[in-house]
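A.B. asks: using only what follows, build the 3D model:
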Amino acid sequence: MTFEHILNNVQVEFKIERVWTKNSKSGKDTLGVSVDNRSDAALTQIWDERIEDLLPLGISNLFLFDGEQVKELAEQETLTIDVTNAIKTLLGLELAERLATDIDILVYRKRKALADTKDLVSLEKIEQKLNLQKDKYEAAKEQLGIAQKEIETAQKHHDETSEKFLSEGGKIAKNRSQLETQLSYGNDAIANQRKDIVEVASDILPLALITPLLTQAQIQGQKESKHLEQSLLKMF
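C.D. replies: Take a look at the predicted model:
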């Protein structure tokens with residue numbers, strides 16, 4: 001394929017030739033690029049990048065397509081980003097953005113080169129602080145991720161514990177009702193036992209309280225009976 005284009009502000013003729021070797025084991029082709037009928041090995045090495053600048057791959061959607069693709073492109077309100085970028089590249093519209101970026105980089109480099117020693121040291125310190133802050137930011141971001149995972153784990157544990165507590169709470173409430181019923185039966189049994197004890201104690205408890213007095217009376221009666229017997233024996 002032969003075509004004309006601008007190279008280094010001069011219109012030249014490019015000739016592209018691809019050769020395939022018959023029965024080649026590798027199956028690869030050989031590319032050759034010539035400029036004004038002179039082989040250019042350097043241009044051949046970077047031809048993939050060069051042809052991308054000349055004919056971006058994204059614009060392939062604008063030709064060599066069938067009727068369905070035409071209909072699809074016609075119905076789209078906006079083209080895809082790849083096609084848009086390809087058209088900008090083809091028309092050189094992205095050159096301004098690229099130049100603006102390159103100018104910012106060049107200005108930064110020039111300012112750094114023209115700065116005196118004091119300013120350069122200050123600039124380096126600022127860069128060091130900036131890098132340190134970036135490292136701290138990354139470390140904090142990592143710690144935040146760990147903390148979020150711990151919070152999620154804690155929340156999951158809390159939910160499981162709450163669910164378990166609620167499920168066991170019903171069982172505890174049910175057991176409480178049974179225990180309260182058993183306690184009521186026990187209190188009734190105790191009350192009945194106290195009643196029986198009171199009835200039994202009402203018969204013998206008064207005598208049990210005066211047992212010491214009865215014992216003394218018995219002893220005194222025995223003494224008086226013995227004294228009376230002695231007095232009668234003296235009379236006879």
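
A.B. asks: let me know the average pLDDT across the longest helix along the chain.
C.D. replies: Using DSSP state H to define each element, the chain has its longest helix at helix 117-209. For helix 117-209, the mean per-residue pLDDT is 77.

A.B. asks: excluding its backbone neighbours, what's nearest residue 20?
C.D. replies: Leaving aside its sequence neighbours, residue 20 sits nearest to residue 29 (C-beta to C-beta, 6 or more residues apart in numbering; 4.9 Å). Bear in mind the C-beta positions are built from the backbone N, C-alpha and C, glycine included.

A.B. asks: so what's the one you found up against?
C.D. replies: Residue 29 sits next to 18, 19, 20 when contact means C-beta atoms under 8 Å, 6 or more residues apart in numbering.

A.B. asks: now do the nearest residue to the first one once chain neighbours are set aside against residue 19, distance only.
C.D. replies: With sequence-adjacent residues excluded and distances taken as C-beta to C-beta, 6+ apart, residue 18 is closest to residue 29, at 5.0 Å. Look at residue 29 and residue 19: by C-beta to C-beta, to the nearest Å, they are 6 Å apart.

A.B. asks: for residue 37, same thing?
C.D. replies: 17 Å.

A.B. asks: go on, residue 8?
C.D. replies: 27 Å.

A.B. asks: for residue 186, give its distance to residue 196.
C.D. replies: Taken as C-beta to C-beta, the span from residue 186 to residue 196 is 16 Å.

A.B. asks: residue 81 too?
C.D. replies: Residue 81 sits 99 Å away from residue 196, going by C-beta to C-beta.

A.B. asks: do residue 106 as well
C.D. replies: With C-beta to C-beta as the criterion, residue 106 and residue 196 are 112 Å apart.
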